[in-house]
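Colleague: Compute the structure for the input listed below.
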Amino acid sequence: MAKKGPGREPKNIRDRGEECDLDEGYKSPLGTFRDLSVANIRSVVAGSRYIQALILLTLGGLFLRFYDLGFNSLWLDEASTYTISVKSFADIWQVTAGGEFNPPLFYWVEHVMLMLGNNEVILRFVPALLGVLAIPLFYLIGKEFLDRNAGLIAASACAFSPFLIYYSQEARAYMMMLFFVALATLFFLKAMKSGSLLHWVLFGLFSALAFWSHFYALVMIGALVLFALIEWAPRIRTELGNLKMLVAAGVVFAILTLPLIIVTLQLFVLRTSSAPTYGIQGLDIIFETFVQVAGMNLYIAFLLVAFFVIGIIQAFRIEKGKGIFLVLITVLTFVISYVLSFKMPMLPRYLIFLSIVFFLGIAVSYRAIYSLWNTRAAVYGFIAVLLVISAPVLAGYYSSYSKEDWRGFSAALEQKVQPGDVVVSVPGYVDQPLDYYYSSVKTQTTEYGATTAADLDRILAESGNHTTYYVVTGDISAADTNGDALQWLKNNTTYAGSDATGEVYLFTRS
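Modeller: As a prediction, the model looks like this:
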């Protein structure tokens, strides 16, 4: 029986995708979950080059994400994760409701992880693991969207992506958001083809989990829903059954996220009540997102954006809906981000889910290459190119610090201070990464936090003639926009060094 659904592909399109068959006619015995058996799994692993390649990509991605996981110190945002995650489950929710711009799910998971220990590897383990699991998810998305070749190329782009590797090694919620958005996208594509209630319910479930991971996931989820409505628009009256399925997904999402939706609305009003003091604004957010998602290198970005554009053209040639899917989600995400960048802090990492669409478009472009180079080497060559262009960036990433060296800075500070000295964090909240490594109890020093010149004057009056060390980061420019604190430091202190990255500064006053 033919599958029903607005995303159903004409058979001839599916057949053309199998012209480049890496398996050379091998037929997998795994059709459904009922076919799962040791013998069938062995057959697939031994006989399918797609599965063999996916296993190698996943193992390679695992190595890249877990290699030297604790090399970098925790920086401010990761230290903030620790500060929140050590609280109770109830207190974590209160922090979110009180103004923390991240939902509680990731902090709850980190709270559980901290039961296993407290170090950089423990805090980054879940993002790294989810980063590895995203690789086969990208394969399944590419396969569902077009074919197994596109899936393999999308998985390769994910496995070798410096951008995704970086955030897989960061104790923040971005990789969790990407993981659940990828699952939601996978079941959305399945639901659009099958019309299955189960697929729509799973879309609603994973969309909710993505939203509980990071508020900005709502942009991608909304774009997917809008695409479904556009696809159904010409026949919405005759296919109300499909609309009911989407409503069912919406009900699942609403039930699971109702408490968070209320908090989100309150936080949105709070965050947009004044102009942002940090982040990227206007068209720069579009440019910088492409550069970072493409590999944190301008030249690589131009190359991959070219592949992405070719992929969009190919998608329209294959099926109009596929092209609309790629364009709609990309354009809508950037339009919303452009507008919001003037109202709230906006950074490329909030758009990490866009890597799904970006790598999907790049993967589709293989069809253009295959039409010119009619051999399986076109697919393998594409994968090799993705590895080669990422290698120099990754070599630099693994050979130097990519985050502030609070570990080394704190160790050096402990060697400098004497009992009775004063240590001031400027701005005050950078005491979070400092105190993760530095102990005022062990050094018998007194700590303060300061954000304004008035704070610094007050601390100076309270500390008397004690030698004072000022720990300063560039965050002070966002925290004290009028620059009074920096001017105070310039007039009253002496520069005494920095961390290995040159991003954490030490000033002193005797």
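
Colleague: Kindly provide the distance from the nearest residue to residue 271 once chain neighbours are set aside to residue 325.
Modeller: Of all residues not flanking residue 271 in the chain, residue 344 sits nearest, at 4.3 Å (C-beta to C-beta, 6 or more residues apart in numbering). C-beta: built from backbone N, CA, C; applies to glycine. To residue 325, residue 344 is 27 Å away according to C-beta to C-beta, to the nearest Å.

Colleague: State the distance from residue 56 to residue 475.
Modeller: 41 Å.

Colleague: Please say which of those two ends up with more neighbours.
Modeller: residue 475 (19 against 13; other C-beta atoms under 10 Å).

Colleague: how close does the more buried one sit to residue 506?
Modeller: 15 Å.

Colleague: Determine the three-state secondary structure at the residue nearest to residue 271.
Modeller: coil (DSSP: H, G, I helix; E, B strand; the rest coil).

Colleague: Report the rounded mean pLDDT for the helix or strand in which residue 247 is found.
Modeller: Residue 247 belongs to helix 240-271 when assigned by DSSP states H and E. What helix 240-271 shows for mean pLDDT is 88.

Colleague: Pull out the buried residues from it.
Modeller: Across helix 240-271, burial judged by 16 or more other C-beta atoms under 10 Å covers 242, 245-246, 249, 252-253, 256-257, 260, 263-264, 267, 271.

Colleague: swap in stretch 328-335?
Modeller: Buried residues in stretch 328-335 (16+ other C-beta under 10 Å): 328, 329, 330, 332, 333, 334.

Colleague: Once you drop chain neighbours, what's closest to the third one?
Modeller: Distance criterion C-beta to C-beta, 6+ apart; nearest residue to residue 330, sequence neighbours excluded, is residue 357 at 5.7 Å.

Colleague: Identify the residues contacting the one you found.
Modeller: Residue 357 is in contact with 325, 326, 329, 330, counting by C-beta atoms under 8 Å, 6 or more residues apart in numbering.

Colleague: And the last one, how far from residue 229?
Modeller: Okay, so that is residue 330. From residue 330 to residue 229 the distance is 18 Å (C-beta to C-beta).

Colleague: And the pLDDT at residue 8?
Modeller: The predicted local confidence for residue 8 is 43.

Colleague: helix, strand or coil for the residue nearest to residue 330?
Modeller: Following three-state DSSP, we place residue 357 in the helix state.

Colleague: Could you do residue 425 as well?
Modeller: Per three-state DSSP, residue 425 ends up strand.

Colleague: which residues does it bridge with?
Modeller: residue 449, residue 471 (DSSP bridges).

Colleague: That one reaches residue 450, doesn't it?
Modeller: Yes - using C-beta atoms under 8 Å, residue 425 is in contact with residue 450, at 7.2 Å.

Colleague: Domain-wise, how is the chain divided?
Modeller: For the chain, automatic domain parsing gives the domain ranges 23-399, 406-509.

Colleague: And residue 416, how far from residue 468?
Modeller: For residue 416, the distance to residue 468 (C-beta to C-beta) stands at 12 Å.

Colleague: And those two? Which one has more around it.
Modeller: residue 468 (24 against 15).

Colleague: what's downstream of the strand or helix carrying residue 138, the next helix or strand?
Modeller: In the assignment (DSSP H and E), residue 138 maps to helix 120-145. Per DSSP H and E, the first helix or strand lying C-terminal to helix 120-145 is helix 148-160.

Colleague: Give me the contacts around that next one.
Modeller: By C-beta under 8 Å, 6+ apart, helix 148-160 touches 17, 20, 22, 50, 53-54, 57-58, 60-61, 64, 134-136, 138-144, 164, 355, 359-360, 362-364, 366, 370, 379, 382-383, 386-387, 390, 394.

Colleague: which is the next helix or strand following the helix holding residue 247?
Modeller: Past helix 240-271, the next helix or strand by DSSP H and E is helix 283-294.

Colleague: now the angle from that following helix to helix 148-160?
Modeller: Angle of helix 283-294 versus helix 148-160, following axes from the mean of the first three to the mean of the last three C-alpha atoms, to 10 degrees, is 100 degrees.

Colleague: For stretch 89-98, buried residues please.
Modeller: 92, 93, 95, 96.

Colleague: got a markdown table for those, with secondary structure too?
Modeller: As requested, the buried residues of stretch 89-98 are arranged in a markdown table below (three-state DSSP):
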| residue | secondary structure |
| --- | --- |
| 92 | helix |
| 93 | helix |
| 95 | helix |
| 96 | helix |
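
Colleague: Out of those, the closest to residue 123 would be?
Modeller: In terms of C-beta to C-beta, no member of these lies closer to residue 123 than residue 92, at 14.8 Å.

Colleague: That closest one and residue 85 touch, don't they?
Modeller: Yes - counting by C-beta under 8 Å, residue 92 touches residue 85, with 7.2 Å between them.

Colleague: Can you pull the residues that touch both of those two?
Modeller: Listed contacts common to residue 92 and residue 85 are 107, 111; contacts here mean C-beta under 8 Å, 6+ apart.

Colleague: all strands for this protein, in order.
Modeller: Per DSSP state E, the chain carries strands over the ranges 422-426, 446-449, 468-473, 494-498, 504-509.

Colleague: what bits of the stretch 1-150 of the chain have low per-residue confidence?
Modeller: 1-19 (pLDDT under 70).

Colleague: what comes up buried for the helix holding residue 138?
Modeller: So, applying 16+ other C-beta under 10 Å, buried residues of helix 120-145: 120-145.

Colleague: ok so, going back, buried deepest among the strands of the chain, which one?
Modeller: strand 422-426 (a mean of 25; mean count of other C-beta atoms under 10 Å).

Colleague: coming back round to it: with pLDDT and distance to residue 501 as new columns, can the contacts of residue 357 be given to me in JSON lines?
Modeller: Below are those laid out as JSON lines (pLDDT from 0 to 100; distance: C-beta to C-beta, whole Å):
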{"residue": "325", "pLDDT": "98", "distance to residue 501": "40"}
{"residue": "326", "pLDDT": "98", "distance to residue 501": "37"}
{"residue": "329", "pLDDT": "98", "distance to residue 501": "35"}
{"residue": "330", "pLDDT": "98", "distance to residue 501": "33"}
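
Colleague: just these now: which is nearest residue 479?
Modeller: Using C-beta to C-beta, the contacts of residue 357 come closest to residue 479 at residue 330, 33.8 Å.
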